[in-house]
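Chemist: coordinates for the following, if possible.
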Amino acid sequence: MAGAAIAWRLWPQRGDARAAGGLLASGLILYVSPLCALGAALFLVRILHDLALSALIAPLAVAAFGMRRMHLPGTLLQWTVVHILVFFAWHAPQLYAAAMQSDALFWAMQITIAGSAALWWAKLLDEKAAGAALSLLAMMVAMGMLGALLTFAEHAFYAPHWLTTGDWGFSPLEDQQLAGIVMWAPASAAYLLAAMVILYRGVLRGGAQEPAE
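Modeler: Numbers count the residues shown, from 1 in each chain. Model prediction:
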């Protein structure tokens, strides 16, 4: 609580106070509300949680902490690749199962997904519109590939959910397929929409070589 109070005091000075409020509210929903416990039962909810880390928590953190003003290492291309690899690695069945059985690995999963996404967003928002759009399209393709793999799989991959989905009316495979559909359609569409908005704004500003924001 003391750390949260200190962070709350610093956020408005270093970044966007509204983003800080959104970040705090989102964090409470993801980690304090029943949604967090439900993620232990349904892979669908866990995927929604992890997508929220990447597409909601991370950009809010960039704004709240003023990360765009920091001298961060790496390039947009590097952080695009890193974030995709981190997201894919933690959703490999064996590593995912290990994270669900270990508090230390679970928090390592959360921190690395959100952290790599925040660095990616910080670089993306300072990139020229064309480059930012290409990075978003790469993320769209990556999420679509993983989503398609989960949707069309003939077997349930994730052992932590084999015995927990029945109470919610799903078989483990159905739960996995629903998670895949979420990644393949809505999540991919969100990145595509962001790319289109950035390109549109770049054109309005005089060309796709203008910064994304």
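Chemist: which stretches of the chain have low pLDDT?
Modeler: In the predicted model, the chain carries pLDDT under 70 at residues 1-15, 206-213.
Chemist: wait, residue 20 sits on residue 61?
Modeler: No. Contact criterion Cβ atoms under 8 Å: residue 20 and residue 61 do not qualify, at 9.2 Å. For glycine as for every other residue, the C-beta is placed from the backbone atoms N, C-alpha and C.
Chemist: ok, the two, which is more surrounded?
Modeler: Ranked by neighbour count (other Cβ atoms under 10 Å), residue 20 and residue 61 place residue 61 first, with 26 against 21.
Chemist: report how many residues lie close to the residue nearest to that one when sequence neighbours are not counted.
Modeler: Nearest residue to residue 61 in three dimensions, chain neighbours excluded: residue 118, at 4.8 Å (Cβ to Cβ, 6 or more residues apart in numbering). Neighbour count of residue 118, defined by other Cβ under 10 Å: 24.
Chemist: ok, now which ones touch residue 118?
Modeler: Counting by Cβ atoms under 8 Å, 6 or more residues apart in numbering, residue 118 touches 58-59, 61-62, 67.
Chemist: next: residue 23.
Modeler: Taking Cβ under 8 Å, 6+ apart, one finds 11, 57, 60-61, 64 in contact with residue 23.
Chemist: make a markdown table from those residues and add secondary structure and distance to residue 72 to it.
Modeler: As requested, these are arranged in a markdown table below (DSSP: H, G, I helix; E, B strand; the rest coil; distance: Cβ to Cβ, whole Å):
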| residue | secondary structure | distance to residue 72 |
| --- | --- | --- |
| 11 | helix | 18 |
| 57 | helix | 17 |
| 60 | helix | 17 |
| 61 | helix | 12 |
| 64 | helix | 15 |
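Chemist: which two in these are spaced the farthest apart?
Modeler: Among those, the pair separated by the greatest distance (Cβ to Cβ) is 11 and 57, at 13.9 Å.
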